[in-house]
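>>> give me coordinates for this.
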Amino acid sequence: MQGVSQLPVPIGSIVESSHFREPVRVVQVQPFGDGFWQIYAQGVRTKQAYDGIFSEADLAQWQIQAPLMRDFQGDPEAFFLGIEAYRLHYAYLFDPLLAVNVSQIDPLPHQIEAVYHYILRQPDVRFLLADDPGAGKTIMAGLLLKELKYRGVVQRVLLVVPGHLKYQWQREMKEKFGEQFVVVDRNVMNAHWGRSVWLEQDQIITSMDYAKQPDVMATLHEAHWDLVIVDEAHKMAAYQYGSKTDKTARYRLGELLSTRTHGLLFLTATPHRGDPENFRLFLDLLRPGFFGTVKSLQQSIEQRDNPLYLRRLKEDLKDFSGRPLFPPRHVFTRTFTLSDAEKELYNALTEYVEREYGRALQGENRNVAFALLMLQRRFASSIYAARQSLERRLKRLEEYLQLGIRFTEQGQGKLPYDEEELEELEEEERFKIEDELLEKLTNATTQTELQQEVNTLRHLVQLAKQAEKQGIETKLKELREVLDELQLLGRNEKLLIFTESRDTLDYLVKKLRSWGYSVTELHGGMNLDARIQAEHEFRHETQVMVSTEAGGEGINLQFCSLMVNYDIPWNPNRLEQRMGRIHRYGQTREVHIYNLVAHDTREGEVLATLLEKLERIREQMGTDRVFDVIGELLERDLRELIIDAVTNRRNWQEIVESIRALPDRELIERVQQATQEALATRHIDMQAIVGEERRARENRLVPEYVEQFFERACQHLQIGARRSHAGLWSVPNVPFELRHRSEAFKRAYGEVQGSYQRLAFRKELARASGAEFIAPGHPLLEAIGERLREASHDTRQRGATFYDPDGKLDGWLYFYSVELRDGNNRTAAQQIATVYVAQDGTSRLVPPAILWDLVPAQNPPTTIPEPDTASIGAFLMREFVMPLRDELSRTRTQLAEIKRKYGVVSLNRRIGELNDKLIEYSMRENIPEAEIANTQRRKVEAEQRLAALEQEIEREQSLSMQSPELLGVARVLPKPLSGMTPDAEVEAIGMQVAMEYERQQGRNPVDVSVQNLGYDIRSEAPDGTIRYIEVKARAQTGDIVLTPNEWIMAQRLGDEYWLYIITHASEQPQLHMIQNPASRLQPEQIREIVRYQVPQSQWQSEAQRV
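Numbering: from 1, shown residues only. Take a look at the predicted model:
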């Protein structure tokens, strides 16, 4: 083997060549036959890996750079911006709630706890988030996505959601988190014929029922994802019958996605459905076999060490002030009796539906049966809707009658979706399919049968018209009585009315306007922009909104507290969604909901009995969660019960009596089981959340540091950015080199636009002005950062010189990037560390933001040689890396013990059970071979899962330290401000006076002055409130100066920030205090010394003397 001296290119050397698009550092050199060499290298600027086989002639053309001498003569502004670009790139290292602070949301305590205290603390995201309805699971999913993207572990994301929520998810991801998603359906797939849309796009939304189709699942096999998020994941269900498992198509989709993604987040409000074995199978999609029983899952929740699952109940959810998120909800059932004419129509229509429904089932024509039930639902909505539907059906069947023998080809149809899938479609598409089926499907197979049905429909239409001629519809009278009781006219109250039918909506809008109400309508035929406009109109202009189910999807109407369900959907989930439009976070008043039900109809009596029963249960339980789980409380599906009543498959009076006879105690137990009270985490650690939020405010870069960085970067790169008086920025012409980014950049952040007209760094300003919010992750900001990191490489390695205006620092600043990896070769922790080495050789850790308080030195003097880097490396390892590793190791060990406690134990138990069964089989005769083989297969699978879990645990605990990357070195020289040189003795007296005063006031002060945090003392009161205190001491009196870090913290912390000025410190110290100095002082910014100077006269006029 050739020695290192014989290598054609020295390892560690930096090479420039046309073979690489940037200078590279040679990592490894190996011979590859005669005259050829295999070279492994790493890009100096991008860290990209390069390798290739080169001839000796190729290598002779390479230019090996001479070692860069560190003389600290580099451009200090380029150095500063390069280091800050790294800080910006790793913003999540400084801000524990980065995604919160860069998104257009106002998160709640339980949302922060779920994302930051539960999910992100796991090495891998495999989690089921099962909070009650209205908890904001979309917000939590978006926060998780943003955090994982900032950490560089997620790029390819798939959202699998109900079909009718696709565009709501797309809208919320864009508006709240700035994330662009492409909706993929059959049309998009067909447009990509011959190409895979799953591979071409990195962020995709698709519907569960589209993705589950066999031809679509076949294409999903070829794609791998970093994160998959599934909304209403409980629909991925499987059922155990003895030793047989029945897996639905949705469950098989879940199995496929689980193997094709690294991270998997399930969202649902109803994960359990009262079937423990179903729940265990559901959890297997996340981590197969991890919880062998629901009992072990419950144990993990009680001991607060569950790594897989989190559920919180709505009554436990509170805001930061401790107030409940959900005000009380009152539900009233208003029953009424049909008029004689209405009852005659109802009886005739029900007789028709009952007869034809029975014929359809006998002929196994479920499509006709489904269509006929639509007529019954239209009558339950309004007579107007029933007549419109009857007339359309009559018109189509009369056309068939004229077609003669050919009608059978058009009159028989096939339902393109099952009934559950139909519920998931977007409303306009669902209405279209329902109307088409209702109009064209019939049992008739002969001209005679068709003529008989046409005659029946003519009679029904005539009855409907007669009922309408009798005067105002009874249900409409009931609505008017409700409005009169509420005294809505003339009051500043708003009312939301829901109906299932578009025809009923048109009817109600016309009637309400004739009564003098201002009305807005909302339905599925309106595009997203029109819906948003309708929401705005209802909020600011009109008093009543009439909405179809589309109003229950993606529109927030919590400014309204009154609701009427003009008709009751047979799908209880729809009723829950309607209530959730106004009974949600942000609602400040008690909510009143009125359900209108005709009790002398079969379906009406079933619904009225159920609603009355639920109201009694609500009163006994003291929670309105009962209305969130209506569909889980009956032994049979509510819709099926109503169909049985309407079609007389079962006597409707028996159904009503069976509901009445249900024992209250049994129903209460079902509510508790359906809402998973036993599996809920009832305590939210507010203290930990408030502490996290406080740490974020103390350390975040957004918006102050980011905006000032942007301003200095634009000046340095000669980008013509302008700031308006309102605080908005514009960039009329973005330079080509910033727009010309790599494909990897574009996939991560998106395209850099040619110009930006309105940019805001503060999200409140962006929200108020409609400007584009710019924060870490924005394409323009990331492009600037990437350009500065690349361009400053040589300057950072050469070093630059800065002055300390306070004259305290005389030494060197070493900026390092530190990384720990686990056995999976995944980043387990990453930090930026800054070591200050003084002239005397002593070292200490300082914040990377220290450069903000230093003055760039132009034409600096030649400095003495820097200290021994080996001793600095040893200090870094001892004081920073090892404590970081130890802390992470403790966390990983705790997580490993949890996985052993539940996952390993459960799988071992499962293996033992299967082994016992095989032993039993061996001792018995006549056991089918297939049964034995199936049991053996399941045992092998469990053993493989156990081995994989044990390997996973070991790898996650195995932490290795990567070589720290030196980002740059700066020389710092003292250059005190004339006449304001800090006196160490005076400063010490000032700190002593401030600390003693705090103790006297009963607070606990901590001296943090050496850490350069922007304040000197962090003082905590017994009630947990904090004072951030900056101490300025003067031997006599005079002006004071603040550093940029101090002024930024004063602006950010507001009333919590205090300026303590101690005058006459050498003689008789006098304390002066100013709370929130950023709002009360107007210092002069002196750019040459990067300080803010406050005249004595100004601070004295604002200070409180103690």
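>>> any chance you could map the helices in the stretch 851-1000 of the chain?
For the stretch 851-1000 of the chain, the helices defined by DSSP state H, counting those that start in this stretch cover 869-876, 882-899, 905-923, 929-957, 984-1000.
>>> buried residues in the last one?
In this case it means helix 984-1000. Buried residues in helix 984-1000, counting neighbours by 16 or more other Cβ atoms under 10 Å, are found at 986-987, 989-995, 997-998. No exception for glycine: its C-beta is placed from N, CA and C like everyone else's.
>>> which is the next helix or strand following it?
strand 1004-1007 (DSSP states H and E).
>>> got a list of contacts for the very next helix or strand once past that next one?
Per DSSP H and E, the first helix or strand lying C-terminal to strand 1004-1007 is strand 1017-1020. Taking contacts as Cβ atoms under 8 Å, 6 or more residues apart in numbering, the residues outside strand 1017-1020 that touch it are 991, 994-995, 998, 1003-1009, 1026-1029, 1031, 1060.
>>> flag every buried residue along strand 1017-1020.
1017-1019.
>>> now those residues in TSV, with distance to residue 157 and pLDDT?
Listed next are those as TSV, based on distance: Cβ to Cβ, whole Å; pLDDT from 0 to 100:
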residue	distance to residue 157	pLDDT
1017	44	98
1018	39	97
1019	43	97
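>>> neighbours around residue 246, how many?
Residue 246 is flanked by 11 other residues according to other Cβ atoms under 10 Å.
>>> and the closest residue in space to it that isn't next to it in sequence, what pLDDT?
Residue nearest to residue 246 in three dimensions, not counting chain neighbours: residue 239, with 4.6 Å by Cβ to Cβ, 6 or more residues apart in numbering. Looking at residue 239, its pLDDT stands at 84.
>>> wait, isn't residue 239 in contact with residue 279?
No. Using Cβ atoms under 8 Å, residue 239 makes no contact with residue 279, being 11.1 Å away.
>>> for the two, indicate the residue with more neighbours.
residue 279 (23 against 14).
>>> now do the contacts for residue 1059.
1029-1030, 1032, 1050, 1073-1074, 1077, 1081, 1099, 1103.
>>> ok, now with 6 Å
Taking Cβ atoms under 6 Å, 6 or more residues apart in numbering, we find residue 1059 in contact with 1030, 1074, 1077.
>>> with residue 189 instead?
Counting by Cβ under 6 Å, 6+ apart, residue 189 has no contacts.
>>> can you tell me how far it sits from residue 252?
19 Å (Cβ to Cβ, to the nearest Å).
>>> what of residue 1063?
77 Å.
>>> neighbour-wise, which of those two wins?
Taking neighbours as other Cβ under 10 Å, residue 1063 and residue 252 compare with residue 1063 leading, 23 against 15.
>>> give me the neighbour count for the residue lying closest to the more buried one once chain neighbours are set aside.
Once flanking residues are discounted, residue 1063 sits nearest to residue 1037: 4.3 Å by Cβ to Cβ, 6+ apart. Number of residues near residue 1037 (other Cβ under 10 Å) recorded here: 16.
>>> number the residues from 9 up from this point.
With the count now opening at 9, the last piece we talked about shows up as residue 1045.
>>> what are the phi and psi angles of residue 1045?
phi -160, psi -180 (degrees, to the nearest 10).
>>> that one against residue 1073, yeah?
No. Residue 1045 is beyond contact range of residue 1073, at 9.7 Å (criterion: Cβ atoms under 6 Å).
>>> list the contacts of residue 710.
109-110, 783.
>>> now neighbour count too, for those, in a markdown table please.
Output for those, formatted as a markdown table (neighbours: other Cβ atoms under 10 Å):
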| residue | neighbour count |
| --- | --- |
| 109 | 21 |
| 110 | 27 |
| 783 | 24 |
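>>> take the residues you listed and keep only those in helices.
residue 109 (DSSP state H).
>>> helix/strand/coil for the residue of the chain positioned farthest from its centre?
Centroid-distance maximum for the chain: residue 456 at 59.7 Å, with Cα atoms, centre = their mean. Following DSSP: H, G, I helix; E, B strand; the rest coil, residue 456 is assigned to helix.
>>> what does the pLDDT read for it?
Listed pLDDT for residue 456 reads 89.
>>> so how far is residue 736 from residue 409?
Counting by Cβ to Cβ - residue 409 and residue 736 are separated by 67 Å.
>>> between these two, which one's more packed in?
Neighbours per residue (other Cβ under 10 Å) separate residue 409 from residue 736, with residue 736 holding more: 19 against 16.
>>> so what's that one up against?
766, 768, 779.
>>> sketch out the low-pLDDT regions of the stretch 9-158 of the chain for me.
9-13 (pLDDT under 70).
>>> tell me where it has strands.
The residue ranges that make up the strands of the stretch 9-158 of the chain, judged by DSSP state E, counting those that start in this stretch, are 22-24, 32-39, 44-51, 57-63, 71-72, 134-137.
>>> which SSE is immediately downstream of the least confident helix or strand in the chain by mean pLDDT?
Using mean pLDDT, DSSP states H and E, helix 415-419 stands out as the lowest-scoring helix or strand of the chain, at a mean of 45. Counting by DSSP H and E, the element after helix 415-419 in chain order, helix or strand, is helix 427-432.
>>> next, the contact list for the residue nearest to residue 144 when sequence neighbours are not counted, please.
Ranked by Cβ to Cβ, 6+ apart and with sequence neighbours excluded, the top spatial neighbour of residue 144 is residue 119, at 5.7 Å. Taking Cβ under 6 Å, 6+ apart, we find residue 119 in contact with 144, 147-148.
>>> tell me the one of these nearest residue 431?
Closest approach between the contacts of residue 119 and residue 431, by Cβ to Cβ: residue 144, at 23.4 Å.
>>> angles on the backbone of that closest one, please.
Dihedral angles of residue 144 (phi, psi; degrees, to the nearest 10) stand at phi 90, psi 50.
>>> and the strands in the stretch 309-458 of the chain?
Assigned by DSSP E, counting those that start in this stretch, the stretch 309-458 of the chain shows strands spanning 317-318, 337-344.
>>> next, the buried residues of the longest one.
Within strand 337-344, the residues scored as buried using 16+ other Cβ under 10 Å are 337, 339, 341-344.
>>> burial of residue 537, as a residue count?
Residue 537: 8 neighbours (other Cβ under 10 Å).
>>> tell me how far residue 1073 lies from residue 1044.
Distance from residue 1073 to residue 1044, by Cβ to Cβ: 8 Å.
>>> and the two? Which one has more around it.
Between residue 1073 and residue 1044, residue 1073 has the larger neighbour count (other Cβ under 10 Å), namely 22 against 10.
>>> just checking, that one touches residue 996?
No. Taking Cβ under 6 Å as the definition, residue 1073 is not a contact partner of residue 996, at 9.0 Å.
>>> who touches stretch 952-960?
Residues outside stretch 952-960 that contact it (Cβ under 6 Å, 6+ apart): 296-297, 911, 915.
>>> okay, these in JSON lines with pLDDT, distance to residue 649 and neighbour count next?
Output for those, formatted as JSON lines (pLDDT from 0 to 100; distance: Cβ to Cβ, whole Å; neighbours: other Cβ atoms under 10 Å):
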{"residue": "296", "pLDDT": "86", "distance to residue 649": "36", "neighbour count": "18"}
{"residue": "297", "pLDDT": "83", "distance to residue 649": "37", "neighbour count": "21"}
{"residue": "911", "pLDDT": "88", "distance to residue 649": "41", "neighbour count": "25"}
{"residue": "915", "pLDDT": "90", "distance to residue 649": "41", "neighbour count": "23"}
